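Engineer: Sequence and computational prediction follow.
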Amino acid sequence: MRAYLLVIVVAAAVTYLTTPLVRLLAQRVGAVTPIRDRDVHAVPVPRMGGVAMLLGVGAALLVASQIPFLGRVFETRPGPLWVLVGALIVCAVGVADDVVQLDAVTKLAGQVLAAGVMGWQGVSLLQLPIGGVTLLSSQALMAITVLVVLVSVNAVNFVDGLDGLAAGIVGIGATAFFVYSYALQRGASDDYASLATLVAAVTVGCCVGFLPHNAHPARVFMGDSGSMLLGLLLASSTIAATSTVDPEVVSSEQIAPAFFPLLLPIAVLLVPFCDMLLAVVRRTREGRAFWHPDKKHLHHRLLQMGHSHGVAVLVMYSWAAFLSFGAASYAFLPLSQALAVAVGAGLAVLAFTFGPLYWRRRHAPRPPAGGAPRGGPEGGSPRPAAPSGAARP
């Protein structure tokens, strides 16, 4: 565990220290987010924070390669080097988009290239962990690998709409996956260093280092260079887990069901994935291209409900934590206990989401007498005042 904690600290420290430098670079090259109708920030903010995260990834992997416990991970064919290569590709595409605004097809091509390079070098689904049986051909699994990376990258990109939102959600999900992967590997083998756990640790560190600069009010945005990088890292760790964990060993040790490596990645990405799916359906029904942005994401709706910027972000954090850690609890608790914890946590999250709004409405100052009809809806439009001398209703 100490080796992984060191990796997290290195990734966080390098990301934190280099973010101000990247912010200055973004200002120099014109990578600044203007004020748009869909945005909630009031002043132009530099983006391109993904470059600082990439530096954190590179430094953390360099340190990890010098640690004997983690050095064995670098000797395997689907090693961290190719995850870093994929990260370089998507970050470069993201930087270009942050500076000159690439079209959707070009960005998609860059994402496919990054996923394809990683898959070609072994960071791919080698089998579906269902009884240890390879159900699909290598070409089909390669296609699924690329699809998983694309979904993850774009889901994180879609949810990146409020200060600190994407980095916090990915950090929470990566932490849940890190805990799960570490316990899974340690219980299944004496040599429990793994690519999945290492990449998850690096992802946690990058998010922790970037959040102080990105929290509301943000001094720098991660931009597409950051959102695509985090999406690729999260997808890489989950793909590595499904291809390196032996389902038969997991089942015999009673740590998790044989199919569980597929469940947790879905739970980790459920909040951004649902947001992305709703956006695609909504924009398609409106007759617009699904990649055209709008102001109807989940976080925008929380703001419209009456939550402040900070509370809306915390609400999204709470849902991400509930889903990711709730799913991870099934790996370590009996089903009845896990369900009880999930129900309790779900009720707490619901109360946190809607409770403040209910309390605010209950304690809102009442309109002055005659200003609104009695029994009328709170916040409704008052009736016009009656003429002088007219009978009041």
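Structural biologist: Nice, thanks for sending it over.
Engineer: how much space between the residue minimising distance to the centre of the chain and residue 22?
Structural biologist: Residue closest to the average C-alpha location in the chain (Cα atoms, centre = their mean): residue 170, at 3.1 Å. Distance of residue 170 to residue 22, given as Cβ to Cβ, to the nearest Å: 18 Å. Using the backbone N, CA and C atoms, a C-beta is placed for each residue, glycine as well.
Engineer: Check residue 179 too.
Structural biologist: 30 Å.
Engineer: Looking at these two, which is more packed in?
Structural biologist: residue 22 (28 against 18; other Cβ atoms under 10 Å).
Engineer: Tell me which other helices or strands the helix or strand harbouring the more buried one touches.
Structural biologist: Per DSSP states H and E, residue 22 falls inside helix 2-29. Judged by 3 or more Cβ pairs under 8 Å, 6 or more residues apart in numbering; DSSP states H and E, helix 2-29 is in contact with strand 45-46, helix 50-65, helix 68-75, helix 195-214.
Engineer: Which other helices and strands does the last one contact?
Structural biologist: Pointing back at helix 195-214 there. Contact here means 3+ Cβ pairs under 8 Å, 6+ apart; on that basis helix 195-214 packs against helix 2-29, helix 50-65, helix 68-75, helix 80-100, helix 165-188, helix 223-244.
Engineer: Please point out which parts of the second one sit buried.
Structural biologist: Residues of helix 50-65 classed as buried under the neighbour-count rule (16 or more other Cβ atoms under 10 Å) are 50-61, 63-64.
Engineer: tell me which of these is nearest to residue 160?
Structural biologist: For the buried residues of helix 50-65, the minimum distance to residue 160 (Cβ to Cβ) is 10.6 Å, reached by residue 50.
Engineer: Surely that closest one touches residue 221?
Structural biologist: No. Counting by Cβ atoms under 8 Å, residue 50 does not reach residue 221; the two are 9.5 Å apart.
Engineer: where's residue 162, which helix or strand?
Structural biologist: Using DSSP H and E, no helix or strand contains residue 162.
Engineer: And for it, the neighbour number?
Structural biologist: If you count neighbours by other Cβ under 10 Å, residue 162 ends up with 24.
Engineer: Can you report phi and psi for it?
Structural biologist: When read as degrees, to the nearest 10, the backbone of residue 162 gives phi -130, psi 160.
Engineer: can you check residue 150 too?
Structural biologist: Backbone torsions of residue 150, given as degrees, to the nearest 10, read phi -60, psi -40.
Engineer: ok, now which ones touch it?
Structural biologist: Contact analysis of residue 150 by Cβ atoms under 8 Å, 6 or more residues apart in numbering lists 108, 111, 112, 115.
Engineer: Ranking by neighbours, what's the top pick from those residues?
Structural biologist: Compared across the contacts of residue 150, residue 115 has the highest neighbour count, 28 neighbours, by other Cβ under 10 Å.
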